[in-house]
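> Just to be clear, the model below is a prediction. Sequence and coordinates:
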Amino acid sequence: MAQSRALLGCLAGIVILFAVGFVVTLVFALRGEQSDLFRSDRIALLTLDGVIASDADFLRDLKRFRDDRSVRGIVVHVDSPGGAVAPSQSIYQELRKAREDGMPVIASIGSIGASGGYYIALAADSILAMPGSITGSVGVIMQFPNVEDLFEKVGVSMDVVKSSDLKDLGSPFRDMSGSERDVLQSLVSDVYEQFVDVVVAERGMDEATVRGLADGRILSGRQALQVGLVDGHGNLPDAIAMAGRMAGLGDDPAIVRPPRPRPSMFELLVSRAAGSVFDGIGARVSEPFRGPQLRYIAH
């Protein structure tokens, strides 16, 4: 009898252990992760979607995967017209470090991977795009609205007290002087040269050829392949298969994505009902008052 009870106790313990393991594995799976016990070599999939305004979220996820010993390669799916210069350069730099550390990095351009989006893709070992993808747009832009005439019509003026002539450079409340335009053009030209240098270095192209393409023009994926700005045609599964082969995991590697918080139903309803209406309007209204912005962005 005692032996039977001991055996039943052991069986019960084994069942409980398996149940706990199953629950833990399920929780990690729902969060987009795997427990260390069941983790196998895989490819990390990062997404760069929309206008680039910040590098914080992307770099956080990239660090997570670079620190994960089971991640053997990275695929970056780019669907962005570009955005702010510094975040674009920052993301490029960190992806370049991962590549230099021996981790395969593949860029997959979706509908659009232009300007800052293309700058980031340059960090990859290979860039794939569909024939109809939009890419290129190598260039820099700064835009300054001028509301002086509007203010005059409504009887509003702006008084400015400044420490030097250039302190309100790019003010939307008056016309830009010639000397101010020269200062801004020098800034834009310097950042443009940085873009050209990266294209020359990463694509192995001569400078004259790059400058001939770096006039802000957008290109289709097919045109980009013809001139050497991308390495081939392919979609996201093709990029994943390429990364898998480079990492020694075959054509169908396991994939891991960054975990994302799951909003409540109330948050979804509120954000979709209110945010979708006002976010875009708010961004456009506040844009003139956020200060000068250098942008790698397609127009």
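Noted; the coordinates are in hand. A quick note: this is a predicted structure, and the numbers were derived from the prediction, not measured.
> And the helices in this protein, which stretches?
Using DSSP state H, the helices of the chain run over 2-30, 56-66, 85-100, 116-121, 148-154, 178-203, 207-213, 221-227, 236-246, 265-270, 276-286.
> wouldn't residue 79 be in contact with residue 107 here?
No: using C-beta atoms under 8 Å, residue 79 is not in contact with residue 107; the gap is 11.2 Å. (Glycine included, C-beta is placed from N, CA and C.)
> more crowded one of those two?
residue 107 (27 against 17; other C-beta atoms under 10 Å).
> Now do the contacts for the more buried one.
Residue 107 makes contact with 75-76, 78, 113, 120-121, 123-124, 126-128, 239 under the criterion C-beta atoms under 8 Å, 6 or more residues apart in numbering.
> and stretch 205-220, how far from the chain's centre?
22 Å (C-alpha atoms, centre = their mean, to the nearest Å).
> in it, what's buried?
205, 210-211, 213-214, 216, 218-220 (16 or more other C-beta atoms under 10 Å).
> Which of the residues you listed sits closest to residue 66?
Relative to residue 66, the closest of the buried residues of stretch 205-220 is residue 205; by C-beta to C-beta it sits at 28.7 Å.
> how deep is the closest residue to the closest one other than its chain neighbours tucked in, by neighbour count?
In space, and not counting its chain neighbours, residue 205 is closest to residue 228: 5.7 Å by C-beta to C-beta, 6 or more residues apart in numbering. Residue 228 has 14 neighbours, counted by other C-beta under 10 Å.
> OK, contacts around residue 228?
203, 205, 209.
> Show me the common contact partners of residue 79 and residue 107, please.
residue 113.
> rank the helices of the chain by pLDDT, which is bottom?
For these, the weakest mean pLDDT is recorded on helix 276-286, namely a mean of 48.
> if we can go back for a sec, now that we have the contacts of residue 107, which one has the most neighbours?
Going by other C-beta under 10 Å, residue 113 tops the contacts of residue 107 with 34 neighbours.
> Any idea how many residues pack against residue 105?
Other residues close to residue 105 by other C-beta under 10 Å number 24.
> That one touches residue 98, doesn't it?
Yes: taking C-beta under 8 Å as the definition, residue 105 is a contact partner of residue 98 at 5.9 Å.
> okay, and the common contacts of the two?
residue 74.
> how much space is there between the residue nearest to residue 236 when sequence neighbours are not counted and residue 189?
In space, and not counting its chain neighbours, residue 236 is closest to residue 108: 4.8 Å by C-beta to C-beta, 6+ apart. Here residue 108 is placed at a distance of 32 Å from residue 189 (C-beta to C-beta, to the nearest Å).
> Looking at those two, which is more packed in?
residue 108 (29 against 10).
> check contacts around the more buried one.
The neighbours of residue 108, taking C-beta under 8 Å, 6+ apart as the test, are 75-78, 128-129, 234-236, 238-239.
> go with 6 Å
Contact analysis of residue 108 by C-beta atoms under 6 Å, 6 or more residues apart in numbering lists 77, 128, 236, 239.
> Show me which pair in these is furthest apart.
Using C-beta to C-beta, these span at most 10.1 Å, a distance reached by 77 and 128.
> Could you measure from the residue nearest the centre of the chain over to residue 58?
What sits nearest the mean C-alpha location of the chain, by C-alpha atoms, centre = their mean, is residue 48, with 3.2 Å. Distance, residue 48 to residue 58, using C-beta to C-beta: 7 Å.
> do the same with residue 90
Separation of residue 90 from residue 58 (C-beta to C-beta) stands at 9 Å.
> was I right about residue 118 contacting residue 139?
No: using C-beta atoms under 6 Å, residue 118 makes no contact with residue 139, being 10.5 Å away.
> So for those two, which sits in the more crowded spot?
residue 118 (34 against 22).
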